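Q: pasting the sequence and the predicted coordinates here, then a few questions.
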Amino acid sequence: MRKNNQNTSIHSWLTLASVPAMTTAKWNALLNKYSISAWAFLHSDEWMTNPHHPLTSEQLAQVRQLRTSANDKLLNQAYRWLERDPANQIITRDMPDWPSGFSSLTSPPLLLFARGNTSRLGDPQIAVVGSRMATRAGLSTAALFASQLAAAGVTVTSGLASGIDAAAHKAANAIEGRTVAFLGSGPDVIYPRRNIHLAEEIVSHNGLLVSEFSPGTPPKRHHFPGRNRLIAAISAGTLVVEATIKSGTLITANLAADLGREVFAVPGNIANVQTEGCHALIQQGAKLVVTVDHILEEFNHLARSPVAAAAEQQQKSEDQNLATDKLLDSVDFDVTGVDIIAERSALPVSAVMAALLEYELRGLVTPVPGGYVKLRGK
């Protein structure tokens, strides 16, 4: 019986979503005004005689027209996608997996097309977003924060874009698949194409791909602000790693702030255009963060597990031991040439390169054109 009810709900919401010229905002306004579900709109006449909101003859005619205006092509396409793979699912507002955070949106989606582990929608989540043209230091920072958030039991949410988004997804996905990727296209249209392999890894590793757009929908510029509102709404907070002043990343951050969510920003080199957006957010009140603890301390419900805490403490101890090394002290937070590092540490270049490789693997430094940049440590 429950499965039949779910099928009825899915069909009702799909029907509404397929009606031409009816946007999500229009449907929300109509359904909210009469306090009805998609099924009630399509199959019940009782709400139309409500004395508080009586329908005129013209409105009744419009309702009858909408009830018969479903696009059968879109409906059939959605059902074909649903049946194509067991990982493909449709989530509606009356299902347990529907994100509670969407209740803060003035125009939540009608339904979600999902691939993967839909229980991820109920996980405590932090969005990690940033520039598509991120620096190597920015990519390393995004991966570091994402992996530590995932290790603490927090699911990392982002938009599957190139740069910071992809780095965050990949790092979090390596830890029990703790990542959710919101798409600006249909669930079967991965954009950018270079992230197709990453998308499949997310699905196969217990993560989730999700979209409010019907299967087959191509990516369009106006889709991405809508996608960003879902990322901001479902997450307890949004972390911005790198962003220019005029970027979609700042749209996500501002949406998060407007929804009453926490906004965090990683500071960077003042000469780097990719960190200007982070500095602007900090000036506007975003919390400056340099460790994952600066995020977790804001949320009692995002407390890390004892196992994750112990693992992090062990990693910190190892890092601190390395951080006391004279060679690491020789690397600046700006670009430092290998010859300068060798001169400062009084070590041969061969020994310097071996140590730098170890530091890179531990996330303490990252190679950049002209040398290395320190990411953390003394």
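A: It's in. Remember, predicted model here, so these are calculated numbers, not experimental data.
Q: and stretch 340-353, which residues are buried?
A: Ile340, Ile341, Ala342, Arg344, Ser345, Leu347, Val352 (16 or more other CB atoms under 10 Å). To be clear about C-beta, it is placed using only N, CA and C from the backbone, and glycine gets the same treatment.
Q: let me know whether the first one touches Ser330 as I believe.
A: Yes - taking contacts as CB atoms under 8 Å, Ile340 lies within contact range of Ser330: 7.4 Å.
Q: what residues does the helix or strand where Gln65 lies touch?
A: Take DSSP states H and E as the rule and Gln65 turns out to sit in helix 57-67. Helix 57-67 has contacts (CB atoms under 8 Å, 6 or more residues apart in numbering) with Val19, Met22, Phe41, Leu42, Met48, Leu55.
Q: what about 10 Å?
A: For helix 57-67, contacts defined as CB atoms under 10 Å, 6 or more residues apart in numbering pick out 15-16, 19-22, 26-27, 30, 41-43, 45, 47-49, 53-56.
Q: which other helices and strands contact the helix or strand just after it?
A: Where DSSP H and E defines the elements, the next helix or strand beyond helix 57-67 is helix 72-84. Contact partners of helix 72-84 among helices and strands, from 3 or more CB pairs under 10 Å, 6 or more residues apart in numbering; DSSP states H and E: helix 2-17, strand 88-92, strand 111-116.
Q: could you pull out the helices for the stretch 101-250 of the chain?
A: Along the stretch 101-250 of the chain, the segments classed as helices by DSSP state H, counting those that start in this stretch run 136-151, 164-173, 196-204, 223-234, 248-258.
Q: which one is Gly277 nearest to, not counting chain neighbours?
A: Ala243 (3.1 Å; CB to CB, 6 or more residues apart in numbering).
Q: ok, the one you found - how many residues close by?
A: Applying other CB atoms under 10 Å, we find 31 residues neighbouring Ala243.
Q: need the overlap of contacts for Ile340 and Ser330.
A: Common contact partners of Ile340 and Ser330 (CB under 10 Å, 6+ apart): Val352, Tyr372.
Q: angles on the backbone of Ala346, please.
A: Torsion angles at Ala346 (phi, psi; degrees, to the nearest 10) stand at phi 60, psi 40.
Q: now do the same contact list for it.
A: Taking CB under 10 Å, 6+ apart, one finds Lys326, Leu327, Ser330 in contact with Ala346.
Q: pull out the buried members of these.
A: Judged by 16+ other CB under 10 Å, buried ones among the contacts of Ala346: Leu327, Ser330.
Q: so can I have a markdown table of the contacts of Ala346 showing secondary structure and pLDDT?
A: Converted to a markdown table, the contacts of Ala346 look like this (DSSP: H, G, I helix; E, B strand; the rest coil; pLDDT from 0 to 100):
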| residue | secondary structure | pLDDT |
| --- | --- | --- |
| Lys326 | helix | 74 |
| Leu327 | helix | 83 |
| Ser330 | coil | 87 |
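Q: which residues touch Asn269?
A: Going by CB under 10 Å, 6+ apart, Asn269 touches Thr135, Ala137, Thr275, Phe333, Asp334, Val335, Val373.
Q: by neighbour count, which of those residues wins?
A: Ala137 (27 neighbours).
Q: ok, now which ones touch it?
A: Counting by CB under 10 Å, 6+ apart, Ala137 has contacts 241-242, 266, 268-269, 272, 274-275, 333-335, 365-368, 372-375.
Q: relative to Phe213, how far out is it?
A: 34 Å (CB to CB, to the nearest Å).
Q: next: Leu296.
A: Using CB to CB, we find Leu296 at a distance of 33 Å from Phe213.
Q: likewise for Thr15?
A: 16 Å.
Q: and if you look at Ser147?
A: 30 Å.
Q: can you give me the buried ones in stretch 230-249?
A: Neighbour-count burial for stretch 230-249 [16+ other CB under 10 Å]: 230-244, 247-249.
Q: make that stretch 207-219, sorry
A: Gly207, Leu208, Leu209, Val210, Ser211, Glu212, Phe213, Ser214, Pro215, Gly216, Thr217, Pro219.
Q: that stretch spans what distance, first to last residue?
A: Using CA to CA, to the nearest Å, the end-to-end distance of stretch 207-219 comes to 21 Å.
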